[in-house]
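Asks: My questions concern the predicted model and sequence given below.
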Amino acid sequence: MISYASVVLPLPLKTEFIYYFDNDKFDLKVGMRAVVPFGSTKKNAYVVRIFNEKPDLDFEIKEIIRVIDKDVIFTEEQYNLSLWMEKFYLSARGENLDTMVPGGKKDIDYGGLNSSSYESKNIINLTDEQIRAVETIIHSEKNLFYLYGITGSGKTEVFLRVAENVINNGGQVIYLVPEITLTYQLAQQVSARFKNKVAVLHSGLTPSQRIKMWREIITGKASLIIGARSAVFAPCKNLKLIILDEEHENSYKSSNTPRYHARQIAQKRISDTNGKLLMGSATPSLEAWYRMNYIKDMVELELTKRPALAQLPKIIVSDLNNEKGGGFSTLFGNDLIIEMNKVLLEGRQVILFLNRRGYSRYFYCSSCGYVAKCPHCDIGLVYHKSKKILECHHCGYKTIPKISCPNCHSYDVSYMGFGTEQVDAELERLFPNFKHARLDTDTVAKDKKYIEKILTDFKNNQIQILLGTQMVAKGLNFPNVKLVGIILADSTLYVPDFRASERTFQLLVQVSGRSGRADSDGEVIIQTLSPENNAIKMASKLDVKGFIEDELKFRKATNFPPFSRMIYLVFRSKNKMKAEKASSDFYNELINVKTHYGITAEIFNPSSCTIEKIRDNFRYQILIKSSDIRQGIKIVDIATEHVSISSSVFLEIDIDPLDVL
Ligand code: ADP
Ligand code: ZN
Ligand code: ZN
């Protein structure tokens with residue numbers, strides 16, 4: 001018998017398509033994928049409805065080519081979520097489903113997880129604060145909870161107890177962490193406790209492993225699902241709890257279409273399934289803080305102490321301006337060298353943090369001021385010494401360093417600024433008797449098992465100094481670490497973005513929190529050229545409340561989030577004039593729509609982006625601020641229907657953007 005299937009295609013089209021198939025030939029169900037003809041190509045389609053009566057269409061209906069899945073691979077809830085995302089993020093349902101379902105867009109491959117290395121854990125006696133938090137969450141009728149606890153205060157244990165309770169009552173739990181390194185750490189921690197109920201979704205899985213995990217979740221066999229951002233889409237049938245650890249982390253926001261935020265998706269899913277969302281951090285985002293303390297629509301729980309002997313570290317701000325040579329070229333100031341030597345000789349460990357990779361940041365000519373820039377991007381090239389190349393960190397362009405200035409042919413050229421590769425080389429020179437390792441995207445890319453190996457070696461004291469970028473900043477828990485050194489706190493500060501200060505503060509507090517996790521003698525040295533900067537000063541006092549309240553005043557005065565919601569539109573094209581024209585046409589339409597519908601929103605004049613060019617694409621921006629995000633979305637949605645943008649211009653729509661660069 002002939003049946004019909006309504007399908008969604010992984011394309012930026014906010015519509016569905018109908019195909020026919022023979023029931024006797026295919027066992028096709030809603031929630032499976034099928035290959036269909038589309039124009040002159042074939043596409044993987046998501047089947048969202050099946051029916052028997054012939055639809056009344058004035059064009060020929062085509063036949064499904066084949067069925068991909070043996071079983072259902074996405075749920076009705078996920079399909080509905082894709083429709084909701086279409087309204088909220090203005091990304092098409094097919095793009096949304098494609099992001100949720102494995103086999104669609106693939107993440108970067110970081111390597112797998114070795115399940116044999118899992119260790120069991122003794123049962124911990126909770127502190128009074130932990131007990132109060134667990135009890136409140138379990139017994140509350142509310143849906144939104146925030147565990148605001150200083151670094152090392154034992155948030156994980158609270159999360160796990162609440163998860164245990166939910167799972168014992170037959171519910172499923174999604175536990176989100178911001179970083180791949182933390183997926184490993186957490187998987188090890190929970191495997192003994194939750195045994196075969198755990199599913200770990202991470203980018204190192206092969207497509208077939210991923211599908212296998214997916215099945216365990218969709219059939220309800222797995223009840224604790226661990227993963228980074230995209231695990232928020234796990235196809236749970238009975239989702240009752242989502243844990244979002246390190247809520248403030250930017251990695252929860254996708255930088256590709258659909259530009260979703262895991263926090264937003266989590267909130268939506270939880271409200272549909274009447275479950276609970278439990279977020280936690282030592283450094284809440286300003287948005288979360290504002291909701292907790294001013295809107296008060298989340299239950300706030302606090303952990304103010306580190307359990308047992310552990311205490312917050314002593315923090316020293318080391319002013320690099322006092323170093324010989326002015327400080328700009330200082331990697332290790334005196335304070336840091338002396339302290340590192342002391343700590344290492346005691347047999348304790350050191351974590352060093354620098355937010356920039358590569359050897360040197362700029363190739364610079366002292367005669368004419370020339371700086372080597374990427375020919376495809378409006379950004380400086382970074383020197384990688386071991387690879388002997390200048391590289392663009394935006395597009396990957398590589399070139400061989402010159403010995404003279406390409407502009408004025410002077411030989412008075414040099415490199416300025418430093419990255420982790422140079423710090424690595426300095427470690428070799430300054431601390432030859434201690435083993436060190438570097439974790440950044442350069443070293444990790446070399447070998448898939450690298451992260452896990454380094455973290456295991458560090459845990460077993462086979463490495464004494466761990467140097468890294470963001471990868472070492474978040475959530476890691478190594479009891480023997482006594483000293484944390486921040487090589488240059490200023491590196492994130494002078495980015496032209498209204499969140500630069502907030503980010504620097506969070507990063508400093510988080511990195512500092514990696515020390516003193518089992519003892520009372522933890523130390524942090526923050527090296528900086530701007531010791532008077534508020535974010536650095538407040539971070540050195542670990543004054544979260546003080547910093548956030550100061551920053552809120554600034555945001556209020558300038559009407560930035562959380563006091564407004566933003567939409568960021570970027571028009572990009574290889575043709576500069578077309579990009580510029582598209583932005584000004586769109587702007588005019590936005591103003592028309594705004595006036596016509598009487599919407600209150602602040603629409604900024606189009607201008608070129610801070611980074612004017614990326615991968616040969618010229619970029620123009622429009623920023624919209626509104627107190628009610630739905631109003632802002634409405635203007636953009638209507639305007640996109642009215643304006644036809646040149647096919648050589650691409651429009652990126654970012655709702656609640658984290659970067660406006
Ligand atoms: P956070 O996530 O808040 O930074 P963790 O959850 O990683 O902190 O906990 C820090 C350390 O404290 C871990 O080693 C953990 O095992 C330990 N810990 C947690 N709760 C307790 C407790 N009640 N008693 C003793 N140690 C605890
Ligand atoms: Zn020159
Ligand atoms: Zn480039």
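Replies: That came through, no problem. Ligands and ions are numbered 1, 2, ... in the order given.
Asks: what residue ranges in the stretch 451-600 of the chain score low on pLDDT?
Replies: Applying pLDDT under 70 to the stretch 451-600 of the chain flags residues 475.
Asks: Enumerate every residue touching the residue of the stretch 201-350 of the chain at minimum distance from ligand 1.
Replies: Nearest residue of the stretch 201-350 of the chain to ligand 1: Pro307, at 3.6 Å (CB to the nearest ligand atom). Backbone N, C-alpha and C define where each C-beta goes, glycine included. The contact partners of Pro307, taken as CB atoms under 8 Å, 6 or more residues apart in numbering, are 127, 130, 153-154.
Asks: Write out the residues of the protein neighbouring ligand 1.
Replies: 124-127, 130, 149, 151-157, 307-308, 477, 517 (CB under 6 Å from any ligand atom).
Asks: Could you turn the buried ones of the residues you listed into a PyMOL selection?
Replies: Entered in PyMOL, the line below selects the buried ones among those, by 16 or more other CB atoms under 10 Å:
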select buried, resi 126+127+130+149+151+152+153+154+155+156+157+307+477+517
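Asks: out of the residues of the chain next to ligand 1, which are inside strands?
Replies: Secondary structure assignment by DSSP state E places Gly149 of the residues of the chain next to ligand 1 in strands.
Asks: ok, and the helix or strand in the protein with the lowest average confidence?
Replies: Here the helix or strand of the chain ranked lowest by mean pLDDT, DSSP states H and E is helix 441-446, holding a mean of 78.
Asks: same for it, what does it pack against?
Replies: Counting by 3 or more CB pairs under 8 Å, 6 or more residues apart in numbering; DSSP states H and E, the packing neighbours recorded for helix 441-446 are helix 450-459.
Asks: Could I get the buried residue list for the helix it packs on?
Replies: Of all the residues in helix 450-459, those buried under the rule 16+ other CB under 10 Å are 450-452, 454-456, 458-459.
Asks: what's the answer for stretch 169-181, then?
Replies: 171-181.
Asks: what residues does the longest helix seen in the chain touch?
Replies: The longest helix of the chain (DSSP state H) is helix 576-597. For helix 576-597, the external contacting residues (CB under 8 Å, 6+ apart) are 569, 571-573, 599, 601, 603, 605-606, 608, 617-622, 624, 634-636, 638-639, 642-643, 645-646, 648-649, 651.
Asks: could you redo the last one with a cut-off of 7 Å?
Replies: 569, 571-573, 601, 603, 605-606, 618-620, 622, 635, 638-639, 642-643, 645-646, 648-649 (CB atoms under 7 Å, 6 or more residues apart in numbering).
Asks: Give the buried subset of the residues you listed as a ChimeraX selection command.
Replies: To isolate the buried members of the contacts of helix 576-597 in ChimeraX, using 16+ other CB under 10 Å:
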select :569,571,572,573,601,603,606,618,619,620,622,635,638,639,643,645,649
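Asks: okay, which residue is most central for this structure?
Replies: Centrality entry for the chain: nearest residue to the mean C-alpha point is Ser251, 0.6 Å, by CA atoms, centre = their mean.
Asks: Spatially, what comes nearest to that residue if we skip its sequence neighbours?
Replies: Pro178 (4.6 Å; CB to CB, 6 or more residues apart in numbering).
Asks: who's in contact with the one you found?
Replies: 228, 246, 249, 251-252, 474.
Asks: In those, which residue is surrounded by the most others?
Replies: Compared across the contacts of Pro178, Glu249 has the highest neighbour count, 27 neighbours, by other CB atoms under 10 Å.
Asks: Now name the helix or strand holding the nearest residue to it once chain neighbours are set aside.
Replies: Residue nearest to Glu249 in three dimensions, not counting chain neighbours: Pro178, with 3.7 Å by CB to CB, 6+ apart. Secondary structure assignment for Pro178, by DSSP states H and E: no helix or strand.
Asks: Please name the residues that touch the residue nearest to the centre of the chain.
Replies: Residues in contact with Ser251 (CB under 7 Å, 6+ apart) are 178-179, 228-229.
Asks: Wasn't it part of a helix?
Replies: Yes - assessed with DSSP: H, G, I helix; E, B strand; the rest coil, Ser251 lies in a helix.
Asks: residues making contact with stretch 618-629?
Replies: Residues outside stretch 618-629 that contact it (CB under 7 Å, 6+ apart) are 559, 564-573, 576, 579-580, 583, 586-587, 600-604, 606-609, 611-613, 632, 635, 655, 660.
Asks: Which ones among the residues you listed map onto helices?
Replies: Reading helices off these with DSSP H, I get 576, 579-580, 583, 586-587, 632, 635.
Asks: pLDDT weak spots in the stretch 51-200 of the chain?
Replies: The model of the stretch 51-200 of the chain has pLDDT under 70 over residues 103-122.
Asks: can you give me the helices for it?
Replies: Listed in chain order, the helices of the stretch 51-200 of the chain (DSSP state H, counting those that start in this stretch) span 76-88, 93-100, 128-139, 155-168, 180-194.
Asks: Out of the contacts of Pro178, which is nearest to Tyr260?
Replies: Minimum separation from Tyr260 among the contacts of Pro178 (CB to CB) is found for Tyr252, which lies at 9.1 Å.
Asks: what number of residues lie near the closest residue to the closest one other than its chain neighbours?
Replies: Counting by CB to CB, 6+ apart, Tyr252 lies nearest to Ala262, which is 4.1 Å off, once chain neighbours are set aside. By other CB under 10 Å, 25 other residues sit near Ala262.
Asks: Would you confirm that Ala262 contacts Arg229?
Replies: Yes - judged on CB atoms under 7 Å, Ala262 makes contact with Arg229 at a distance of 4.9 Å.
Asks: Quickly list what's touching both of those two.
Replies: With CB under 7 Å, 6+ apart as the test, Ala262 and Arg229 both reach Tyr252.
Asks: Keep only those of the contacts of Pro307 that are also close to ligand 2.
Replies: Among the contacts of Pro307, no residue lies close to ligand 2 (CB under 5 Å from the ion).
Asks: and of these, the nearest to ligand 1?
Replies: Gly154 (3.0 Å).
Asks: Give me the distance between that closest one and Leu427.
Replies: Per CB to CB, to the nearest Å, Gly154 is found 32 Å from Leu427.
Asks: Next: Glu502.
Replies: Distance from Glu502 to Leu427, counting by CB to CB: 30 Å.
Asks: and what of Tyr252?
Replies: Tyr252 is 32 Å from Leu427, by CB to CB.
Asks: interface residues of the chain facing ligand 2?
Replies: So far as CB under 5 Å from the ion goes, the chain lies against ligand 2 at 365, 367-368, 370, 405, 407-408, 410.
Asks: could you flag which of the residues you listed are buried?
Replies: Among the residues of the chain next to ligand 2, those scoring as buried are 365, 370, 405 (criterion: 16+ other CB under 10 Å).
Asks: What sits closest to the last one if chain neighbours are left out?
Replies: Put plainly, it is Cys405. By the measure of CB to CB, 6+ apart, the closest residue to Cys405 outside its immediate chain neighbours is Cys365, 3.8 Å from it.
Asks: Could you do the second one as well?
Replies: In space, not counting the residues next to it along the chain, Tyr370 is nearest to Asn407; the distance is 4.1 Å by CB to CB, 6+ apart.
Asks: helix or strand for the one you found, which one?
Replies: Per DSSP H and E, there is no helix or strand for Asn407.
Asks: phi, psi of it?
Replies: Per-residue torsions, Asn407: phi -90, psi -50 (degrees, to the nearest 10).
Asks: before we move on, what about Ile61?
Replies: Taking degrees, to the nearest 10 as the convention, Ile61 sits at phi -90, psi 130.
Asks: So it is in contact with Tyr20, correct?
Replies: Yes - the pair Ile61 and Tyr20 qualifies as a contact (CB under 7 Å) at a distance of 5.2 Å.
Asks: what about Lys482, how many neighbours?
Replies: Other residues within reach of Lys482, judged by other CB under 10 Å, total 25.
Asks: again, but for Asp319
Replies: Here the count is done by other CB under 10 Å, and Asp319 has 16 residues near it.
Asks: And this protein, what are its domain boundaries?
Replies: Domain ranges of the chain: 2-74, 115-303, 314-359+418-555, 565-655, per automatic domain parsing.
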